[in-house]
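> just to be clear, the model below is a prediction. Sequence and coordinates:
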Amino acid sequence: MIQTPTYDFYTTESGDHYNFKSVGKNGEIEKVARFDKLGRNIYNIAFGDWNNNKLHDRAVSNNGDKDKILATVGRIISDFTETLPEALVFARGVDQVRTRLYQQEINKHMDIIGPFFMIWGFLDGRWTPFKKGVNYHAFIGHRHAFFAGQWPPDVVQP
């Protein structure tokens with residue numbers, strides 16, 4: 001889907017835990033993306049460095065491969081929702097800076113993402129269709145095949 005180069009990744013048997021390695025100026029850094037079920041078909045995606053069998057989502061690797069890492073996470077979301085097409089994937093950074101980074105990546109790749117996923121942003125206490133240039137507090141998306149024209153009533157509030 002996204003044309004930016006990505007890392008190879010593998011998933012656990014449960015299909016909710018993905019691993020890959022960042023390779024850059026600071027060497028190899030183990031990364032993980034994990035999907036945690038929040039509600040009916042709603043999954044939070046968390047990702048970061050993997051150290052001592054723990055996800056460190058506040059780690060700053062500075063490995064010089066941010067675009068490749070984020071493109072890999074995009075591919076992981078695509079893989080996860082291919083297996084669970086009814087899944088709604090919720091994303092929010094651990095702070096405003098990371099949430100803004102995620103928004104910038106969605107903006108940059110919306111022409112490629114848009115045909116496959118419907119993205120919503122959370123702002124002023126409600127979910128609205130994602131628009132470029134609007135600063136959201138969180139995001140949720142799903143494959144278009146699942147979209148039925150109505151927003152599910154039990155969507156998580158950030």
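Structure's in. What do you need?
> who's in contact with the strand ranked longest in the chain?
Secondary structure assigned by DSSP state E gives strand 27-39 as the longest strand of the chain. With C-beta atoms under 8 Å, 6 or more residues apart in numbering as the contact definition, strand 27-39 has outside contacts at 7, 9, 16-22, 43-51, 55, 61, 63, 69, 72-73, 76-77, 80, 87, 89-90, 154-156. (Each C-beta comes from the backbone N, C-alpha and C, glycine too.)
> name every strand pairing with the helix or strand just after that strand and say which way it goes.
On the C-terminal side of strand 27-39, the closest following helix or strand by DSSP states H and E is strand 42-51. Strand 42-51 has these partner strands in its sheet, going by DSSP bridges: strand 27-39 (antiparallel), strand 54-56 (antiparallel), strand 88-91 (parallel).
> picking up where we left off before, among the contacts of strand 27-39, name the buried ones.
7, 9, 16-22, 43-50, 55, 61, 63, 69, 72-73, 76-77, 80, 87, 89-90, 155-156 (16 or more other C-beta atoms under 10 Å).
> what residues sit buried inside the helix or strand containing Arg100?
Element membership for Arg100 (DSSP H and E) is helix 96-113. Going by neighbour count (16+ other C-beta under 10 Å), the buried part of helix 96-113 is 98-99, 102-103, 105-106, 109, 113.
> closest one of these to His144?
Ile113 (10.6 Å; C-beta to C-beta).
> surely that closest one and Ile106 touch.
Yes - Ile113 lies in contact with Ile106 (C-beta atoms under 8 Å); the separation is 6.7 Å.
> next, show the common contact partners of the two.
In contact with both Ile113 and Ile106: Ile119, using C-beta under 8 Å, 6+ apart.
> the nearest residue to Tyr136 once chain neighbours are set aside in helix, strand or coil?
Residue nearest to Tyr136 in three dimensions, not counting chain neighbours: Gly121, with 3.2 Å by C-beta to C-beta, 6 or more residues apart in numbering. What DSSP: H, G, I helix; E, B strand; the rest coil gives for Gly121 is strand.
> before we move on, back to that, got TSV for the buried residues of helix 96-113, with pLDDT and distance to Trp127 too?
Output for those, formatted as TSV (pLDDT from 0 to 100; distance: C-beta to C-beta, whole Å):
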residue	pLDDT	distance to Trp127
Arg98	92	20
Thr99	93	15
Tyr102	92	16
Gln103	93	15
Glu105	90	19
Ile106	92	15
His109	88	20
Ile113	87	17
